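Trainee: take a look and give me a structure for this.
(2 chains)
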Protein chains: 2
Amino acid sequence: MARIIIDKNSSRKEVIIAKAASLFREKGYKAASMRDLAESVGVEAASLYNHIKSKTELLHEICFGVANRFMHKIEEIEGEKILAIEKVEALIRFHIDEMIHHYEEVYVSDREWKHLSDPYLLNFQNQRRMYRKRFAAIIENGILQKNIKPIDATTAVLIILHAIGGIESWHRSRQKISAEALTANMITILVGGIAVNVKV
Amino acid sequence: MARIIIDKNSSRKEVIIAKAASLFREKGYKAASMRDLAESVGVEAASLYNHIKSKTELLHEICFGVANRFMHKIEEIEGEKILAIEKVEALIRFHIDEMIHHYEEVYVSDREWKHLSDPYLLNFQNQRRMYRKRFAAIIENGILQKNIKPIDATTAVLIILHAIGGIESWHRSRQKISAEALTANMITILVGGIAVNVKV
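Mentor: Residues are numbered from 1 along each chain as shown, chains lettered A, B, ... in the order given. Sure, this is the predicted structure:
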């Protein structure tokens, strides 16, 4: 019985976090109020506090939730016995998938993390920096393996991440191609842009 | 004599616009005040109004200044007798150059145009949409000419423009590669990503 109540609470909390991500994306973290959130969840503002302590906690949950997923994924990919260019492709696919299917949370974590406060802010920034370094290290490996062109790895990561960030406009566009076609095109251009002699 | 005074006024206005771009980028258009601008130019707030009518006029000058430069460039490139893939490369080089050398204005025009009001807002949005369509049309031409891969042209434009937007992080990064190396890497990845069998 206690178990069920815990599960219920936890899923209610997840709903609140998802609604908060949607609200923060739309209005910006600063402008969004707990009252707006309560309205969007369909409860009284006071009852939100049974599940979460503050607006800050929500931002924290969103940003670190996303950061953790990316960190787990890159660790998993690093451990696979495949070519570096294939690791990059797997990582790009994961990024695209996250931008398509967990858009609001990824967007908020990418744009609104500046409103975190220390020690979380510093921790988050370090995680971002580390993630990009590990991504660049895979690319550098591919350059050594000669399946990736001799490019500046940091610039390649910057290009790849920003290009994928462009899925934001895809979400907003009226006549969109399918998620599958979008993914296929992005892989063709981005993996094709860095790969040596690999058909993609 | 009158000529000289006009030139003086015009260059003072240019200085004000450049300072405004820098201020709007840093603080955001909404948060920036005419008082901040006066301080940054080094004059009394009242004397700004000898040169410009309002904060709105400044945003207008910045956004349409940038939009006009891009429109002129794409027109020029469309008229050249070169392959479509070469046109795309020329356009990408222009975008990169603008993001490197006219960063503040391009950044503001790209992020803060939402604060324009009609009829300027609608006009600006139409210009953006037209520009992207013309860019996509060049790519579609390249697909027909078989020097560009059979990709979705709209997605390619989205990827290219967002990737170049990433130069924002290059500006902020502590250990940056040179502007030339950045440009060369971007061309390798982006042109290489869409080109068929063309060494870049």
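
Trainee: in space, not sequence, find me the middle residue of chain A.
Mentor: Taking C-alpha atoms, centre = their mean as the criterion, A:Val106 is the residue nearest the geometric centre of chain A, at 3.7 Å.

Trainee: what does chain A put close to chain B?
Mentor: Taking C-beta under 8 Å from any C-beta of the partner chain, the part of chain A that reaches chain B is made up of A:149, A:151-152, A:154-156, A:158-166, A:169-170, A:173, A:177, A:181-182, A:185-186, A:188-190, A:192-194. All C-beta spots, glycine's among them, are computed from the backbone N, C-alpha and C.

Trainee: picking up where we left off before, neighbours of the residue nearest to the residue nearest to the centre of chain A when sequence neighbours are not counted, how many?
Mentor: If you skip the residues right next to it in sequence, A:Val106 has A:Glu98 as its closest partner in space, 5.1 Å away by C-beta to C-beta, 6 or more residues apart in numbering or on different chains. A:Glu98 is flanked by 19 other residues according to other C-beta atoms under 10 Å in any protein chain shown.

Trainee: same check on the one 5 residues further on?
Mentor: Using other C-beta under 10 Å, the number of residues around A:Tyr103 comes to 17.

Trainee: measure how buried the closest residue to it other than its chain neighbours is and give me the count.
Mentor: Excluding its sequence neighbours, the residue lying closest to A:Tyr103 (C-beta to C-beta, 6+ apart) is A:His171, at 5.9 Å. By the measure other C-beta under 10 Å, the count of residues near A:His171 is 13.

Trainee: likewise A:Glu86?
Mentor: Using other C-beta under 10 Å, the number of residues around A:Glu86 comes to 18.

Trainee: any idea how far A:Ala18 is from A:Phe24?
Mentor: Counting by C-beta to C-beta, to the nearest Å, the gap between A:Ala18 and A:Phe24 amounts to 11 Å.

Trainee: more neighbours, the two?
Mentor: Neighbours of A:Ala18 and A:Phe24, each counted by other C-beta under 10 Å, are more numerous for A:Phe24; the result is 27 against 16.

Trainee: what comes up buried for the helix or strand where A:Glu104 lies?
Mentor: Counting by DSSP states H and E, the secondary-structure element that holds A:Glu104 is helix A:103-111. In terms of neighbour count (16 or more other C-beta atoms under 10 Å in any protein chain shown), helix A:103-111 has its buried residues at A:103-110.

Trainee: which strands and helices lie in contact with that helix?
Mentor: helix A:2-27, helix A:55-78, helix A:167-172 (3 or more C-beta pairs under 8 Å, 6 or more residues apart in numbering or on different chains; DSSP states H and E).

Trainee: kindly reformat these as JSON lines containing distance to B:Glu14 and mean pLDDT.
Mentor: Rendered in JSON lines, the data for those read as follows (distance: least, C-beta to C-beta, whole Å; pLDDT from 0 to 100):
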{"stretch": "helix A:2-27", "distance to B:Glu14": "36", "mean pLDDT": "76"}
{"stretch": "helix A:55-78", "distance to B:Glu14": "41", "mean pLDDT": "95"}
{"stretch": "helix A:167-172", "distance to B:Glu14": "32", "mean pLDDT": "90"}
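
Trainee: between those, which gets nearest to B:Met34?
Mentor: Taking C-beta to C-beta as the measure, the helices and strands packed on helix A:103-111 were each checked against B:Met34, and helix A:2-27 came out nearest at 26.3 Å.

Trainee: following that closest one, which helix or strand comes up?
Mentor: Later in the chain than helix A:2-27, the nearest helix or strand by DSSP H and E is helix A:34-41.

Trainee: which parts of that following helix are buried?
Mentor: A:34, A:36-38, A:40-41.

Trainee: verify the stated contact: A:Glu61 with A:Ile16.
Mentor: No: under the criterion of C-beta atoms under 8 Å, A:Glu61 makes no contact with A:Ile16, lying 9.1 Å away.

Trainee: okay, and the common contacts of these two?
Mentor: A:Ile52 (C-beta atoms under 8 Å, 6 or more residues apart in numbering or on different chains).

Trainee: can you tell me the element A:Lys176 falls in?
Mentor: Under DSSP H and E, no helix or strand contains A:Lys176.

Trainee: wait, I meant A:Leu91
Mentor: Judged by DSSP H and E, A:Leu91 forms part of helix A:84-101.

Trainee: list the buried ones in that helix?
Mentor: A:84-92, A:94-96, A:98-100.

Trainee: same deal with stretch A:187-200?
Mentor: Using 16+ other C-beta under 10 Å as the test for burial, stretch A:187-200 gives A:187-195, A:200.

Trainee: where in chain A is pLDDT low?
Mentor: Per-residue confidence of chain A (counting by pLDDT under 70) places the weak regions at A:1-10, A:197-200.

Trainee: quick one: buried residues of stretch A:115-129?
Mentor: Residues A:115-116, A:124, A:127-128 are the ones in stretch A:115-129 that count as buried (16+ other C-beta under 10 Å).

Trainee: which ones are touching A:His60?
Mentor: By C-beta under 8 Å, 6+ apart, A:His60 lies in contact with A:116, A:120.
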